[in-house]
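Asks: the following block contains a protein sequence and its predicted model.
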Amino acid sequence: MRAVLDYRTGGTERQIAAGTHLLTEGGASGPLYVLMTGRLEVLKGDMVVATIAEPGAVLGEMSVLLGLPYTATVRACSDSVVYEFADAASLLKREPEVALLIARMLAQRLNAANTYLADLKRQYAGHGTHLAMVGEVLQSMINLPPLEVSLGSDRQSDPRM
């Protein structure tokens, strides 16, 4: 994702002190951020699900693309520097290369999640426990009807989920 650092124009560089929340789960969608230096952690509820230290990592992209509140909290583990794009929708329209970089990153995440879920399904197939329902969960995710999305919309949460 370092390539996204080449598109740092039209935004603002921000210093983030350790312990500061950059995004708050459930909070209104806002800017798109790119990590320049430092270390951030991603939380779902009170569980840390990822640590991000790679310059060029993009934050807030799912919220921007889906027009939904932030799906996780991002907190600085150390003093960090991010580049903030206040008008993310305009950035993505103006710089289609950035949109493609984000699409590739999201596709990589989806591929990793699919591989992990398929492995879980294989491990628990035929066990007859509540874990055997992994296959049903995967199938229901695959069969969701397409979601109408427009950048910057004020849509409510997806009732299918």
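Replies: Received, thanks.
Asks: all helices for this protein, in order.
Replies: In the chain, the helices defined using DSSP state H lie at 61-66, 88-94, 96-124, 134-142.
Asks: dump the C-alpha coordinates for the second one into CSV.
Replies: Extracted C-alpha coordinates of helix 88-94, given in CSV (Å, rounded to 0.1, in the frame of the first residue of the first chain):
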residue,chain,number,x,y,z
ALA,A,88,-12.6,11.1,0.4
ALA,A,89,-15.3,10.8,-2.3
SER,A,90,-13.7,13.6,-4.3
LEU,A,91,-10.3,12.0,-3.9
LEU,A,92,-11.5,8.7,-5.3
LYS,A,93,-13.2,10.4,-8.2
ARG,A,94,-10.2,12.6,-8.9
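Asks: quick one: buried residues of it?
Replies: Of the residues in helix 88-94, Ala88, Ala89, Leu91, Leu92 count as buried by neighbour count, 16 or more other Cβ atoms under 10 Å. Every residue, glycine included, has its C-beta placed from N, CA and C.
Asks: and if you look at the third one?
Replies: Of the residues in helix 96-124, those scored as buried under the neighbour-count criterion (16+ other Cβ under 10 Å) are Val98, Leu101, Ile102, Met105, Lys121, Tyr124.
Asks: need the contact list for the closest residue to the third one other than its chain neighbours.
Replies: Spelled out, that is Ile102. Ranked by Cβ to Cβ, 6 or more residues apart in numbering and with sequence neighbours excluded, the top spatial neighbour of Ile102 is Glu61, at 5.1 Å. Neighbouring residues of Glu61 by Cβ atoms under 8 Å, 6 or more residues apart in numbering: Leu32, Ala88, Ile102, Met105, Leu106.
Asks: didn't the fourth one look like it was pressed against Leu59?
Replies: No: taking contacts as Cβ atoms under 8 Å, Met105 lies outside contact range of Leu59: 11.1 Å.
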